[in-house]
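Asker: Here is my input, please return the structure:
(chains A and B)
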2 protein chains.
Amino acid sequence: MDDKLPGSLGTSTSLSLRLGQVIFSSASLLFMSLGVEFYGFTAFCFLVTAMGLVIPWSFTLAMVDGYAVIMGFPFRQPGILLVIIVGDWVLSLLSLAAACAANGVISFLLDRGGVYNLPNIGGRYQLSVAMAFFSWFLSAVSLLFNLWLLPSL
Amino acid sequence: MDDKLPGSLGTSTSLSLRLGQVIFSSASLLFMSLGVEFYGFTAFCFLVTAMGLVIPWSFTLAMVDGYAVIMGFPFRQPGILLVIIVGDWVLSLLSLAAACAANGVISFLLDRGGVYNLPNIGGRYQLSVAMAFFSWFLSAVSLLFNLWLLPSL
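Answerer: Here you go, the predicted model:
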């Protein structure tokens, strides 16, 4: 049993991954909802919902990691780890799906906007989607590290 | 070491999962490309590309599974299994992303089509996306079974 696998639950690498997820998903939510136009697009509402689920989840786990780092013991019950892995898996799929759906709509608006006289969208939606992709990537990295740790428990 | 875990590489369950993936992704590709309009939508081209990658991959693995079932021995080198898991993972993420992007564009066209005088799209695009989601689901099930088997090797 490797006690110091970096990136797994309760290490400082995991803490920084979780903080990165919180920052990127908050940035995505902010860029998306700076205004009220996003209500009109189903895909954008989906992205806002997904980010609104990722933020509290990652924030809670960041607090748990910070507590474990400060107290100096990583607590590793297989049951808790399994719950975290399943939650990470669902949320990373959800945020990937939301980012792709929003990206599909944005690329459609940019490609065909001139032809069909569609509403002009600013670059901040693209920024929001990019932030959502970063958040998904960090979440997938956390998931892989925890998944790697699971069989050794 | 559980030798008969259903759904893992070289069993008849795995064979039927792979065949289901081939059928659903072929149906998705057919529904999408029955016509030439899909060239104009980036998300639809993405879906066609992803399905064009999933079909040969799943077909090859279905042949491998069929061979293992007929010959009666499941061959399980960890290296091969790892390659299959990584390939399944990448392809399932890709097909999920493509299906979500296409779905975003379709729901946008259906919601706002009347407002902005967009081209009318038929129900076959929705069928195509539904087939892509089924194919992603089967692919994720195969991935999970193989992932479950990996630590025991």
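
Asker: Grab the nearest non-local neighbour of residue A:57.
Answerer: residue A:91 (5.8 Å; CB to CB, 6 or more residues apart in numbering or on different chains). For the C-beta atoms, the positions are set from N, CA and C on the backbone; glycine is no exception.

Asker: need the contact list for the one you found.
Answerer: By CB atoms under 8 Å, 6 or more residues apart in numbering or on different chains, residue A:91 lies in contact with A:50, A:53, A:54, A:57, A:139.

Asker: and residue A:103, how many neighbours?
Answerer: By other CB atoms under 10 Å in any protein chain shown, 27 other residues sit near residue A:103.

Asker: State the helix or strand in which it lies.
Answerer: Per DSSP states H and E: residue A:103 is located in helix A:78-116.

Asker: report the angle between the axes of that helix and helix B:78-116?
Answerer: 40 degrees (axes from the mean of the first three to the mean of the last three CA atoms, to 10 degrees).

Asker: how much space between the most centrally placed residue in chain A and residue A:91?
Answerer: Chain A has residue A:135 as the residue nearest its centroid, 3.8 Å off, counting by CA atoms, centre = their mean. Per CB to CB, to the nearest Å, residue A:135 is found 10 Å from residue A:91.

Asker: now residue A:151: how far from chain B?
Answerer: 4 Å (CB to the nearest CB, to the nearest Å).

Asker: before we move on, back to that, was I right about the residue nearest to the centre of chain A contacting residue A:21?
Answerer: Yes: the pair residue A:135 / residue A:21 is scored as a contact, 5.3 Å apart, by CB atoms under 8 Å.

Asker: which residues are in contact with both of these two?
Answerer: In contact with both residue A:135 and residue A:21: residue A:54, using CB under 8 Å, 6+ apart.

Asker: List the residues that contact residue A:107.
Answerer: Contacts of residue A:107 by CB under 8 Å, 6+ apart are B:42, B:43.

Asker: go again using 6 Å as the cut-off
Answerer: Taking CB atoms under 6 Å, 6 or more residues apart in numbering or on different chains as the criterion, residue A:107 is in contact with residue B:42.

Asker: what's the distance between residue A:56 and chain B?
Answerer: Distance from residue A:56 to chain B, by CB to the nearest CB: 23 Å.

Asker: Which strand or helix spans that residue?
Answerer: Going by DSSP H and E, residue A:56 is in helix A:42-71.

Asker: residues of that helix that come out buried?
Answerer: For helix A:42-71, the buried set under the neighbour-count rule, 16 or more other CB atoms under 10 Å in any protein chain shown, comprises A:42-44, A:46-48, A:50-51, A:53-55, A:57-59, A:61-62, A:64-66, A:68-69.

Asker: Stretch A:8-25 too?
Answerer: A:8-11, A:13-15, A:17-25.

Asker: what does chain A put close to chain B?
Answerer: With CB under 6 Å from any CB of the partner chain as the criterion, chain A meets chain B at residues A:42, A:43, A:97, A:100, A:101, A:104, A:105, A:107, A:108, A:116, A:118, A:151.

Asker: Give me the buried subset of those.
Answerer: A:42, A:43, A:97, A:100, A:101, A:104, A:105, A:107, A:108, A:118.

Asker: what's the lowest-pLDDT member of those residues?
Answerer: Lowest pLDDT within those is found at residue A:118 (67).

Asker: Just give me how far the worst-scoring helix or strand of chain A on mean pLDDT sits from the chain centre.
Answerer: One helix or strand of chain A scores below all others by mean pLDDT, DSSP states H and E: helix A:78-116, with a mean of 85. Centre-to-centre, helix A:78-116 and its host chain are 9 Å apart (CA atoms, centre = their mean, to the nearest Å).

Asker: Now do that helix against helix B:42-71, angle only.
Answerer: Going by the same axes, to 10 degrees, helix A:78-116 makes 140 degrees with helix B:42-71.
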